[in-house]
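In: I would like the atomic coordinates for the input below:
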Amino acid sequence: MKHKDIGAIILAAGLGKRMKSKLIKILHPLCGQPMIAYVIDALNELGIQKRVIVLGHQRERVAGFLNNRGEKGEKDVEIAVQERPLGTGNAVKSAEQFFDKDSISGTADVLVLSGDTPLISKDTIERLIETHHRSGAEATILTVEMQNPTGYGRIVKNNEGYILRIVEETDASTEERAIKTINTGTYCFKVSALFSALRMVSPSNAQGEYYLTDVFEILNSQGGKIASVLADSSIEVMGINSRKELAVAETYLRRQILNDLMDNGITIVSSETVFIDKGVRIGQDTVVYPFTAILGQSVIGKDCIIGPHACIIDAVVEDETTVVFKKIQKQDACATMV
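Out: Predicted coordinates for the structure are as follows:
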């Protein structure tokens, strides 16, 4: 495993109030899978075996989801509990017990990610890790350029390109507000530097919370280096905090799914009206016609014609089958000519 010596902390203890939902934010479905699954899958693909998720609200429900998907590696995700919502710094500190030297021999670095950023790719995470290793920095921040950075913390760098601090907009000078590089909330740290600096973070702010971003100023004051790497796009690192943002992510991801299928020999007629979930598999030379939904863990064979107006949910469609004007579900027999 390429990155088995790196750990990861996934921050997911937030209430997600703006979702206006009884369901915890990270379990809201995105193209057929809870958004937290995408973050975990990216870590799985990179071979990152030490994963700790920090939970508070509905932690039993999240634990149930992780256990049910154990065959994909989620069962190996350990759970840290943030008893009270005292900020991101306190959330990360809740995971410190899992990074004891005796329990993770060889883990010198740790990623910190948000559970509500499902569009982040394994390639971007890998670039963050590689930049962190090459630079020898105590911390490396994933940043992004935004044409309109209003509302976001600005990244202030020195002449050598290393980060001096993250300035919140309310505290920024006119010159600092003109900076278009912002913090995404995704980081890679040296384990010892992270937890040592966290012990020095104070809740002396208006919210009375422990901010993880205060760690960077502490590391700088100790002579440590803070490097950065630029994400390819702002949508990849967007945090999902509302139903509107969930819809934006869904549109982006569905387009990505369809593009991947077309690159692999599947014809999609009128892609604007076709909905295919992340877990679906489709064989080569199958044609999917308009107003069709293929959902869940459905498996479609080769040389099939699906649609128009077909709905297939968690079902198997065998090779050379035509399905039109039909809803096929798991409990049905394998689909036959319709």
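In: who's in contact with stretch 245-265?
Out: 19, 28, 30-31, 35, 118-119, 235, 238-240, 268, 271, 274-278, 280, 282, 284-285 (C-beta atoms under 8 Å, 6 or more residues apart in numbering). Heads up, the C-betas are built off the backbone N, CA and C, glycines and all.
In: helices or strands up against the top strand by length along the chain?
Out: The strand that spans the most residues within the chain, counting by DSSP state E, is strand 181-190. When contacts are defined as 3 or more C-beta pairs under 8 Å, 6 or more residues apart in numbering; DSSP states H and E, strand 181-190 sits against strand 109-114, helix 122-135, strand 139-145, strand 154-157.
In: residue 185: which of the ones you listed is closest?
Out: Nearest to residue 185 among the helices and strands packed on strand 181-190 is strand 109-114 (5.3 Å), distances taken as C-beta to C-beta.
In: between strand 139-145 and that closest one, find me the angle.
Out: 40 degrees (axes from the mean of the first three to the mean of the last three C-alpha atoms, to 10 degrees).
In: tell me which other helices or strands strand 109-114 touches.
Out: Checked by 3+ C-beta pairs under 8 Å, 6+ apart, strand 109-114 has strand 6-11, helix 35-45, helix 122-135, strand 181-190, helix 191-198 packed alongside it.
In: redo that, cut-off 10 Å
Out: Where contact means 3 or more C-beta pairs under 10 Å, 6 or more residues apart in numbering; DSSP states H and E, strand 109-114 is packed against strand 6-11, helix 35-45, strand 50-55, helix 88-93, helix 122-135, strand 139-145, strand 181-190, helix 191-198.
In: closest to residue 229 out of these?
Out: Here helix 122-135 is closest among the helices and strands packed on strand 109-114 (C-beta to C-beta), at 4.2 Å.
In: give me the buried stretch members for that closest one, please.
Out: For helix 122-135, burial by neighbour count (16 or more other C-beta atoms under 10 Å) applies to 124-125, 127-129, 131-132, 135.
In: got the phi and psi for residue 16?
Out: Here is the backbone geometry of residue 16 (degrees, to the nearest 10): phi 60, psi 50.
In: mind checking how far the longest helix that the chain contains is from the chain centre?
Out: Secondary structure of the chain per DSSP state H: the longest helix is helix 243-263. On the basis of C-alpha atoms, centre = their mean, to the nearest Å, helix 243-263 sits 14 Å off its chain's mean C-alpha point.
In: what does stretch 259-266 give?
Out: 24 Å.
In: show the average pLDDT along that stretch.
Out: Averaging pLDDT along stretch 259-266 yields 98.
In: buried residues in that stretch, which are they?
Out: Buried residues in stretch 259-266 (16+ other C-beta under 10 Å): 261, 266.
In: same question, stretch 242-261
Out: Buried, per 16+ other C-beta under 10 Å, within stretch 242-261: 246, 249, 252-254, 257-258, 261.
In: of these, which is the nearest to residue 191?
Out: Closest to residue 191, out of all of the buried residues of stretch 242-261 and judged by C-beta to C-beta, is residue 249, at 30.8 Å.
In: surely residue 57 touches residue 83?
Out: No - judged on C-beta atoms under 10 Å, residue 57 makes no contact with residue 83 at a distance of 11.1 Å.
In: the two: who's more crowded?
Out: residue 57 (16 against 9; other C-beta atoms under 10 Å).
In: how much space separates the more buried one from residue 20?
Out: 14 Å (C-beta to C-beta, to the nearest Å).
In: equivalent analysis for residue 153, please.
Out: Relative to residue 20, and taking C-beta to C-beta, residue 153 is found at 26 Å.
In: of these two, who's got more company?
Out: In this view residue 153 and residue 20 are compared by other C-beta under 10 Å, and residue 153 has more residues nearby, 20 against 8.
In: hang on, that one packs against residue 163?
Out: No - if you go by C-beta under 10 Å, residue 153 and residue 163 don't touch, sitting 11.2 Å apart.
In: overlap of the contact sets of these two?
Out: residue 183 (C-beta atoms under 10 Å, 6 or more residues apart in numbering).
In: against residue 313, how distant is residue 286?
Out: Counting by C-beta to C-beta, the gap from residue 286 to residue 313 is 17 Å.
In: what about those two, which has more around it?
Out: residue 286 (23 against 18).
In: from what I can see the more buried one touches residue 318, true?
Out: No - counting by C-beta under 10 Å, residue 286 stays clear of residue 318, with 11.4 Å between them.
In: overlap in contacts, the two.
Out: With C-beta under 10 Å, 6+ apart, residue 286 and residue 318 have common neighbours 300-302, 304.
In: mind checking which of the residues you listed are in strands?
Out: Within those, membership in strands is found for residue 300, as judged by DSSP E.
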